[in-house]
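[1] turn this into a model:
(chains A and B)
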2 protein chains.
Amino acid sequence: MRVIGIDPGYGRVGWGVVEGRRHELACCTWGCIETSKETPMPDRILQVWRALNSLLDEWSPDEMAIECLYFSKNVTTAIQVAEVRGVIRLAAAERGIPTAEYAPNQVKQAVTGSGRADKRQVQEMVRRVLALETVPRPDDAADALACAVCHHHCRR
Amino acid sequence: MRVIGIDPGYGRVGWGVVEGRRHELACCTWGCIETSKETPMPDRILQVWRALNSLLDEWSPDEMAIECLYFSKNVTTAIQVAEVRGVIRLAAAERGIPTAEYAPNQVKQAVTGSGRADKRQVQEMVRRVLALETVPRPDDAADALACAVCHHHCRR
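    Just a heads-up that it's a prediction; the model follows:
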């Protein structure tokens, strides 16, 4: 089974594709959709939409796992990210790709065994589980891969 | 000029089309896209997307005005509404329809002259300005028309 993990952000949307089953996983690819602060918000949403659709065309994932932050110190940021997330969920829904959501501590728990693990511990575990030579960059992509790994571990 | 006003909600998205310029306005149509609580969220997002695209096909508005609530007592609700708003903004962006956002008190101010007007006062002013026999129903549609009227009054 092939899972695309997504770490949605306002200016950066991390993504990573992980294939296999449960604990026999391999990393296909990863990256980050970036949009410029200079670009008006509607165009940024459109850019994310188009880039994500290209990815879904290219990699045809069976399922999608999205990291979801519903509570944040900064409500305005959380709401702006939610606008982007709506578009990501739409892209999956249009293709009939089932989507699961995971909170950051669920991802940490699933990947490292501890919901309190720090960013580096999570990234190092992702590197090991996917047998990568180095930790994927940027962080957004590493987080997206962690979310995909989490989904592989958690799904029944 | 033809403006589509949108009052985005989680389960209900009010809409209304207002044509004319500044203070010579006429109402074309209005309604509400409703999705069921029983339906999974991805399908609800998809239903809003398809219904809105049909409306944009049918009415070809020149511009869109969206009522935006960035702060709410209920953060979770505000975030869920933001997901829907992202999809609405995407539909406009894909067609190159310029979009303006208005806070609820901006809409009240523009329509009634007071940012503190209550719902009924706003609805009654919308009815008068658009020369309608009765206040449009449901409330979501009336709010969307108010937002479209606001945009006609505010735009330069």
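[2] helix, strand or coil for A:Met64?
    Under the three-state scheme (DSSP: H, G, I helix; E, B strand; the rest coil), the conformation of A:Met64 reads as strand.
[3] for it, give its distance to B:Arg89.
    Distance, A:Met64 to B:Arg89, using C-beta to C-beta, to the nearest Å: 21 Å. No exception for glycine: its C-beta is placed from N, CA and C like everyone else's.
[4] and the helix or strand bottoming out on mean pLDDT in chain A, does that touch chain B?
    Lowest by mean pLDDT, DSSP states H and E among the helices and strands of chain A is helix A:75-94, with a mean of 91. Yes. With C-beta under 8 Å from any C-beta of the partner chain as the threshold, helix A:75-94 lies in contact with chain B, specifically through A:75-76, A:78-80, A:82-87, A:89-90, A:92-94.
[5] what's the pLDDT at the residue nearest to A:Trp59 when sequence neighbours are not counted?
    In this structure, A:Trp59 finds its nearest non-sequential neighbour in A:Val17, 5.1 Å apart by C-beta to C-beta, 6 or more residues apart in numbering or on different chains. According to the per-residue confidence, A:Val17 scores 98 in pLDDT.
[6] A:Val17 against A:Val3, yeah?
    Yes. With contact defined as C-beta atoms under 8 Å, A:Val17 and A:Val3 form a contacting pair (7.2 Å).
[7] buried set for the helix or strand that A:Val111 is a member of?
    When elements are assigned from DSSP states H and E, A:Val111 belongs to helix A:104-112. Neighbour-count burial for helix A:104-112, with 16 or more other C-beta atoms under 10 Å in any protein chain shown as criterion, is recorded at A:Pro104, A:Gln106, A:Val107, A:Lys108, A:Gln109, A:Ala110, A:Val111, A:Thr112.
[8] cool, and stretch A:111-126?
    By 16+ other C-beta under 10 Å, the buried positions in stretch A:111-126 come out as A:Val111, A:Thr112, A:Ala117, A:Val122, A:Gln123, A:Glu124, A:Met125, A:Val126.
[9] before I go, just wanted to say thanks for your time.
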